[in-house]
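Student: below is the structure, and that's it, no one-letter string:
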């Protein structure tokens, strides 16, 4: 009797522990996201990607459609090449879509925003987005603003 | 002057001697673990007393730590209009640090001290000697099951601590303070990584389980067989294993999340 209670208790304990681990993996962390199909890959070239990172979100109309999977620097054109995968559900991205790097909030993380064009043909795996707008680097903007102010004051 | 030097030397030598004895002891215990596969009931009984009976204190502490994190995190984040990140704050601090560390400290206090006192009293009442007389190896019969049970229980307890802590943070953040539920979970899921955060937390808790249980069984086995000796050994277990957990946590954090 006693050893039976002990065994049931230990079984319950181990099951609870594993359930907690499973909850941490599935509900708290990104395992569910990692295991979903990768979708198709697109790339885009930017002059400056700012603080974009691998696994940053890719959005369209504010909805997350994919994530960045790779960032490289092309030392022939001196541009950053960003590879990102798009969920296969969103297969109707026009060829003349443009990509910009925006910041979520004033100090938030950076993400790629895609703006659909009007082309009838759609992007396929390995496609490249040619219309791009670089990240806005806050220091440059402030520097420019100060420079303009100084120029105004001088005249 | 010479006396001072001699005192230093004696202390250093005794520390190294204890470390060496502890390591040899651990090797003997590890050598005794394969035999446990034939007698799993020994381990199960110890998982009951070491793990299951630490469950209540671990889970209750986890809920409260999570709730406090939710409250304090909210107060800080709301100034920046970033209260949606509350889920990330709660989950990352629990999974990476607080879960393994606080669960290990509780484990040292609740289970480690009991292990030391039990083994120490067995030694003081000459039960261990009696076993040896009957050609039963106390290391593989008494110590090894307790060691294995501790190493099994600790990661499970830490995982439960983190899980209920996240739920506690959810209860305070979403239930009481009105953080958006979707943002709470989705930000958490996008920022917490399975391998970098959850798996490293589990590795930490396994390491703490080994260290705390090792110190506990060694102190018990090595205690002076008097009531005073056992009481000192029990105190040492709690103090040393808490310090070891905190020190080891720093080293592991520096290695994992630099």
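Tutor: Now that the structure is in, tell me what you want to look at. All values derive from a computational prediction rather than experimental measurement.

Student: buried residues, stretch B:226-237. List them.
Tutor: B:230, B:232-234, B:236-237 (16 or more other C-beta atoms under 10 Å in any protein chain shown). In short, each C-beta sits where N, CA and C put it, glycine included.

Student: stretch B:138-158 too?
Tutor: Buried residues in stretch B:138-158, defined by neighbour count with 16+ other C-beta under 10 Å: B:138-158.

Student: break chain A into its domains for me.
Tutor: Listed domain ranges for chain A are A:1-34, A:37-143 (source: automatic domain parsing).

Student: out of those, the one nearest residue B:167 is which?
Tutor: domain A:1-34 (8.7 Å; C-beta to C-beta).

Student: for the residue in the stretch 101-250 of chain B that chain A sits nearest to, what are its contacts?
Tutor: Among all residues of the stretch 101-250 of chain B, residue B:156 sits closest to chain A, at 2.7 Å; criterion: C-beta to the nearest C-beta. Shown in contact with residue B:156 (C-beta atoms under 8 Å, 6 or more residues apart in numbering or on different chains): A:13-14, A:16-18, A:20-21, B:51.

Student: write out the residues of chain A neighbouring chain B.
Tutor: A:3, A:6-7, A:9-10, A:12-14, A:16-21, A:23-25, A:27-34, A:57, A:105 (C-beta under 8 Å from any C-beta of the partner chain).

Student: contacts for stretch B:36-48, please.
Tutor: A:3, A:6-7, A:9-10, A:13-14, B:140-141, B:144-146, B:148-150, B:152-153.

Student: among those residues, name the ones in helices.
Tutor: A:3, A:6-7, A:9-10, A:13-14, B:144-146, B:148-150, B:152-153 (DSSP state H).

Student: on the pLDDT front, check residue 92 for me.
Tutor: Using chain A. Here the pLDDT value assigned to residue A:92 is 86.

Student: chain B, not that one
Tutor: We have a pLDDT of 92 for residue B:92.

Student: that one: what's it in contact with?
Tutor: B:191-192, B:197.

Student: so which strand or helix has it?
Tutor: helix B:86-92 (DSSP states H and E).

Student: what's downstream of that helix, the next helix or strand?
Tutor: With elements assigned by DSSP H and E, the helix or strand that comes after helix B:86-92 is helix B:99-107.

Student: and the contacts of the helix or strand following that next one?
Tutor: Sequence order places helix B:113-124 as the next helix or strand after helix B:99-107, per DSSP H and E. If you take C-beta under 8 Å, 6+ apart as the criterion, helix B:113-124 is touched by B:49-50, B:128-129, B:138, B:142-143, B:146, B:150, B:213, B:216-217, B:219-221, B:223, B:225-227, B:229-230, B:233-234, B:236-238.

Student: tell me which residues in the helix or strand containing residue B:69 are buried?
Tutor: Using DSSP H and E, the element containing residue B:69 is helix B:55-77. Judged by neighbour count (16+ other C-beta under 10 Å), helix B:55-77 contains these buried residues: B:55, B:57-59, B:61-63, B:65-67, B:69-70, B:73-74, B:77.

Student: interface residues of chain B facing chain A?
Tutor: Applying C-beta under 8 Å from any C-beta, we find that chain B lies next to chain A at B:41, B:44-45, B:47-48, B:51-52, B:55, B:81-82, B:91, B:95, B:152-153, B:155-157, B:159-160, B:162-164, B:166, B:185, B:188-190, B:192-194, B:197-198, B:201-202.

Student: buried subset of those residues?
Tutor: By neighbour count, with 16+ other C-beta under 10 Å, the residues of chain B next to chain A hold B:44-45, B:47-48, B:51-52, B:55, B:82, B:91, B:95, B:152-153, B:155-157, B:159-160, B:162-164, B:166, B:185, B:188-190, B:192-194, B:197-198, B:201-202 as buried.

Student: which ones among the residues you listed are found in helices?
Tutor: Those of those lying in helices (DSSP H): B:44-45, B:47-48, B:55, B:91, B:152-153, B:155-157, B:159-160, B:162-164, B:166, B:185, B:188-190, B:201-202.

Student: OK, contacts around the residue lying closest to residue B:205 once chain neighbours are set aside?
Tutor: Setting aside the residues directly before and after it, residue B:205 is nearest to residue B:158 in space (C-beta to C-beta, 6 or more residues apart in numbering or on different chains), at 3.6 Å. Residue B:158 is in contact with B:99-100, B:103-104, B:201-202, B:204-205, B:208, counting by C-beta under 8 Å, 6+ apart.

Student: now flag whichever of the residues you listed is closest to residue B:255.
Tutor: Closest approach between the contacts of residue B:158 and residue B:255, by C-beta to C-beta: residue B:204, at 10.2 Å.

Student: once you drop chain neighbours, what's closest to that closest one?
Tutor: Here the residue nearest residue B:204, using C-beta to C-beta, 6+ apart, is residue B:100, at 4.1 Å.

Student: quick check, that neighbour in contact with residue B:211.
Tutor: No. Using C-beta atoms under 8 Å, residue B:100 is not in contact with residue B:211; the gap is 11.4 Å.

Student: quick one on the thing from earlier: and the pLDDT at the residue nearest to residue B:205?
Tutor: Value for residue B:158, per-residue pLDDT: 95.

Student: all strands of chain A, in order?
Tutor: A:40-46, A:57-60, A:63-74, A:79-86, A:98-103, A:110-115, A:127-129, A:131-133 (DSSP state E).

Student: and residue 134, its phi and psi?
Tutor: Chain wasn't specified; assuming chain A. The phi/psi pair for residue A:134 (degrees, to the nearest 10) reads phi -70, psi 170.

Student: wrong chain, I was asking about chain B
Tutor: In terms of degrees, to the nearest 10, the main-chain angles of residue B:134 are phi -90, psi 10.

Student: how far away is it from residue A:83?
Tutor: According to C-beta to C-beta, to the nearest Å, residue B:134 stands 69 Å off from residue A:83.

Student: ok, the two, which is more surrounded?
Tutor: Neighbours were tallied for residue B:134 and for residue A:83 using other C-beta atoms under 10 Å in any protein chain shown; the higher tally belongs to residue A:83 (16 against 7).

Student: who's in contact with that one?
Tutor: Counting by C-beta under 8 Å, 6+ apart, residue A:83 has contacts A:41-43, A:68-72.

Student: now with 10 Å, please.
Tutor: With contact set as C-beta atoms under 10 Å, 6 or more residues apart in numbering or on different chains, residue A:83 has these partners: A:41-44, A:54, A:68-72, A:126, A:128.

Student: what does residue A:136 give?
Tutor: Here residue A:136 is in contact with A:48, A:50, A:100-103, A:110 (C-beta under 10 Å, 6+ apart).
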